[in-house]
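**Q** Sequence plus predicted model, see below.
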Amino acid sequence: MKRLAAIFVVVLVLACAVFFWARRDKRAYQCFEKLPPGWSVKSSEVASPEQTEAIGARLGTPILKLSNTDLIVQGTPIQVNILDVKTEADAIQLHKTLSAMHRHPAFCLRIGKRVIEYVGNDPALATKVSYELGFL
């Protein structure tokens, strides 16, 4: 009976470990965990490796990780895309490519090997989100 209980505990621990390991790539970045009052995450997901590779190929820069988070800020939606790359040179190139697609510099910024892109219509809102999430 003790052996059966021990096996049960081991199986339960392994199942929990597999569950948490599998979910680790699905979580939003920590910057979205504590939002100001009136802000909420509508949806957030990490792109699959296949999606990430395809988008990197289209943008001309290999991407390691890509997340899309839809925020609601005081009733106004804005999408935050976070793209992590291998080198600062890749980040500089990716930032240049994405910036060329936007009409205002507030919609795209680079921090080291990370590029943050905002999809929305209000540059002031993009700037506010950058400050509140700690990017600026």
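**A** Perfect, I can see it now. Predicted, not measured: the structure shown is a model, and the values here were computed from it.

**Q** what about the chain, any weak spots by pLDDT?
**A** Low-confidence segments of the chain (pLDDT under 70): 1-28.

**Q** Kindly recompute the last result at 50.
**A** Within the chain, the ranges that satisfy pLDDT under 50 run 4-6, 8-27.

**Q** Do a quick rundown of the helices in it.
**A** For the chain, applying DSSP state H gives helices covering 2-23, 49-59, 88-99, 123-132.

**Q** surely Ile116 meets Val80?
**A** Yes. Counting by C-beta atoms under 8 Å, Val80 is a contact partner of Ile116 at 6.6 Å. To be clear about C-beta, it is placed using only N, CA and C from the backbone, and glycine gets the same treatment.

**Q** The residue lying closest to Asn81 once chain neighbours are set aside: neighbour count?
**A** In space, and not counting its chain neighbours, Asn81 is closest to Glu117: 4.3 Å by C-beta to C-beta, 6 or more residues apart in numbering. Counted by other C-beta atoms under 10 Å, the residues lying close to Glu117 total 21.

**Q** And for Asp70?
**A** Using other C-beta under 10 Å, Asp70 has 15 neighbouring residues.

**Q** need the contact list for it.
**A** Under the criterion of C-beta atoms under 8 Å, 6 or more residues apart in numbering, the neighbours of Asp70 are Val41, Lys42, Ser43, Ser44, Pro77, Ile78, Gln79, Val80.

**Q** rerun that using 10 Å as the cut-off
**A** Listed by C-beta atoms under 10 Å, 6 or more residues apart in numbering, the contact partners of Asp70 are Ser40, Val41, Lys42, Ser43, Ser44, Glu45, Pro77, Ile78, Gln79, Val80, Val119.

**Q** For Ser44, grab the count of nearby residues.
**A** Based on other C-beta under 10 Å, the number of other residues close to Ser44 is 16.
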